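> how would this look folded up:
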Amino acid sequence: MFVLSAFAAGLLFGLGLIVSQMVNPAKVLAFLDVTGSWDPSLAFVMVGAIFASGIGYAVAKSRGAPVIGNKLEIPTRRDFDPRLIGGAAIFGVGWGLVGLCPGPAVTALALGLWQSLTFVVAMLGGMALFAALPSGKSGSSPSREVGV
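Predicted structure coming up:
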């Protein structure tokens, strides 16, 4: 059941990215170009995503247990460390340069664009490099369990 629900959620997410044109780097770059020919339409997509996520989070938190799964884990860390700030900066620069971020890039692979393939290969390389680098912390975020 878990695999089927994960597939359905991923399919719905991917379809949402395609319909909203988040897989179109030109659309994303036009959204990010606030001093030029700005296209604010993706702001509505983001507001909708925040709204839907907020509802889901509130329902999950009030239930105390997930619908599918053993436990509900909610992150408790609220601090900013150099790795978080550096990662966010790298993400933002990459998004601004090419107009893709990980979810839309993986979804765009189905469209057969070489730019998406290049992005995903570079992303996987960066993930491998990150995993190979030593860190002072475990890299996981402490969380508290809610429910059983």
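> Remind me what the helix of greatest length in the chain packs against, helices and strands.
Identified as the longest helix of the chain according to DSSP state H is helix 41-63. Under the contact definition 3 or more CB pairs under 8 Å, 6 or more residues apart in numbering; DSSP states H and E, helix 41-63 sits against helix 25-32, strand 72-75. The way it works is simple: take the backbone N, C-alpha and C, and place the C-beta from them, glycine included.
> wait, which of those is closest to residue 111?
Of all those, it is helix 25-32 that lies closest to residue 111, at 11.3 Å by CB to CB.
> re the thing from before, between the longest helix of the chain and helix 25-32, how many degrees?
Going by axes from the mean of the first three to the mean of the last three CA atoms, to 10 degrees, helix 41-63 is angled at 90 degrees with respect to helix 25-32.
> How far off centre is stretch 81-90?
Its chain's C-alpha centre and that of stretch 81-90 lie 15 Å apart, by CA atoms, centre = their mean, to the nearest Å.
> mean confidence score for it?
Mean pLDDT, stretch 81-90: 89.
> can you check stretch 29-41 too?
The pLDDT scores in stretch 29-41 average 91.
> Which positions in it come out as buried?
Residues of stretch 29-41 classed as buried: 29-32, 39 (neighbour count, 16 or more other CB atoms under 10 Å).
> Any chance you could list what contacts it?
Residues from elsewhere that reach stretch 29-41 (CB atoms under 8 Å, 6 or more residues apart in numbering): 27, 42-43, 95-96, 99.
> Kindly supply the ChimeraX command isolating those of these that are buried.
To isolate the buried members of these in ChimeraX, using 16+ other CB under 10 Å:
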select :27,42,95,99
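> Relative to residue 123, which of the contacts of stretch 29-41 is nearest.
The closest of the contacts of stretch 29-41, once distances to residue 123 are taken by CB to CB, is residue 95, at 11.7 Å.
> Compute the distance between that closest one and residue 7, please.
For residue 95, the distance to residue 7 (CB to CB, to the nearest Å) stands at 26 Å.
> Over to residue 118?
For residue 118, the distance to residue 7 (CB to CB) stands at 26 Å.
> Those two: who's more crowded?
Here residue 118 and residue 7 are compared on neighbour count by other CB atoms under 10 Å; more neighbours surround residue 118, at 13 against 10.
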